[in-house]
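Trainee: Build me a model:
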Amino acid sequence: MLAPQRQAAILDRVRASGGVRVTELATEFSVSDMTIRRDLEALAERGLLAKVHGGATTVSPGSAHEPGFTAKSVREREEKAAIAMRAAALVSPGDAIALSAGTTTAELAERLVDVPALTVVTNSIPVADVFYRGGRADQTVILTGGTRTPSDALVGPVAVAAIGALHLDVLFLGVHGMSERAGYSTPNLMEADVNRALVEAAERVVVLADHTKWGTVGISSIVPLSRADILITDDGLDDGARQILIDSVPELVVVNPQ
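Mentor: Got it, this is the predicted structure:
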């Protein structure tokens, strides 16, 4: 396959799924990782996609744009892993916890599959899949039900009603964006409703948000910054944003992904 043909095929895959990984493309097209990176660079220079660590995603058009789960999973992977590791330390055997939809919460799920006697409530299909694959008999996984979004979240009145009857020890909340004005936000109006229901059901709210979420504003606010009991982010956050969060959130935890 010639380079232009391969690049056209890569672009089709990005547009179909929202994101691609270098390693998967290299295997699919039987070429080296370096060849794929050159292809992605050529497409990025033409403004057809956005290069990220380990792959590429579509170019985001605005506050109502909702990337797919695959697209988000290739972004800030080291930061998300470090955030998830720190969050896992807040979970104890026997806890009743909730994990909202998101790639960082999916990272957290991977680190909780061996915690005994957990009850896990989630509106995320990928998060539920992690626990189902783990197959621990002493864990209970509750998938809310609802209508599926592009990011594999379940939303709508069914999900909100399911959450409304629950009482949870802690919620781990993934967000699309955060800012001083908008608080924590999402590009999906119905997902904001579900997230607010999760917040109300939990004794403690822990927000998981890498530094790129700062200054990003989705169309719908979830809750103000101060509603989080703990915010876990990474050290890519600039000093100005860090000070705003120190002033707004009871506990700010900054991890180093190195």
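
Trainee: what bits of this protein have low per-residue confidence?
Mentor: Filtered on pLDDT under 70, the chain yields the residue ranges 18, 59-76.

Trainee: How is it partitioned into domains?
Mentor: Here the domain parsing of the chain from automatic domain parsing is 3-59, 77-255.

Trainee: most tightly surrounded among these?
Mentor: When the domains of the chain are scored by mean count of other Cβ atoms under 10 Å, the highest mean neighbour count falls to domain 77-255 (a mean of 19). Glycine gets a C-beta too; all of them are placed from N, C-alpha and C.

Trainee: what distance separates the start and the end of that domain?
Mentor: End-to-end distance of domain 77-255 (Cα to Cα, to the nearest Å): 13 Å.

Trainee: repeat for stretch 87-98
Mentor: Chord length of stretch 87-98, first to last residue, is 12 Å (Cα to Cα).

Trainee: how about the helices in the stretch 151-258 of the chain?
Mentor: Remark: helices assigned in the stretch 151-258 of the chain by DSSP state H, counting those that start in this stretch are 157-164, 189-201, 239-248.

Trainee: List the residues that contact the closest residue in space to Asp193 that isn't next to it in sequence.
Mentor: In space, not counting the residues next to it along the chain, Asp193 is nearest to Val160; the distance is 5.6 Å by Cβ to Cβ, 6 or more residues apart in numbering. When contacts are counted by Cβ atoms under 8 Å, 6 or more residues apart in numbering, Val160 is found next to Asp193, Val194, Ala197.

Trainee: these two touch, right, the second one and Asn123?
Mentor: Yes - proximity of Val194 to Asn123 meets the contact threshold set by Cβ atoms under 8 Å, at 5.4 Å.

Trainee: thinking again about what came up before, would you quantify the distance from the residue nearest to Asp193 to Arg21?
Mentor: 34 Å (Cβ to Cβ, to the nearest Å).

Trainee: Also Ala197?
Mentor: Here the criterion is Cβ to Cβ. By it, Ala197 lies 33 Å from Arg21.

Trainee: mind checking which of the helices of the stretch 151-258 of the chain is nearest Gln7?
Mentor: Each of the helices of the stretch 151-258 of the chain was checked against Gln7 via Cβ to Cβ, and the shortest separation belongs to helix 189-201, namely 33.5 Å.

Trainee: Run through the neighbouring helices and strands of that closest one.
Mentor: Packing contacts for helix 189-201, counted by 3 or more Cβ pairs under 8 Å, 6 or more residues apart in numbering; DSSP states H and E, involve strand 154-155, helix 157-164, strand 168-174, strand 183-186, strand 220-223.

Trainee: Check for me that Pro116 belongs to a helix.
Mentor: No - under DSSP: H, G, I helix; E, B strand; the rest coil, Pro116 sits outside any helix and is assigned coil.

Trainee: and Leu99, what are its phi and psi?
Mentor: According to degrees, to the nearest 10, the main-chain angles of Leu99 amount to phi -120, psi 120.

Trainee: just to revisit the earlier point, out of the helices and strands packed on helix 189-201, the one nearest Glu41 is which?
Mentor: Put simply, out of the helices and strands packed on helix 189-201 the one that sits nearest Glu41 is strand 168-174, at 29.6 Å, with distance taken as Cβ to Cβ.

Trainee: how long is stretch 224-236 end to end?
Mentor: Taking Cα to Cα as the criterion, the two ends of stretch 224-236 lie 22 Å apart.
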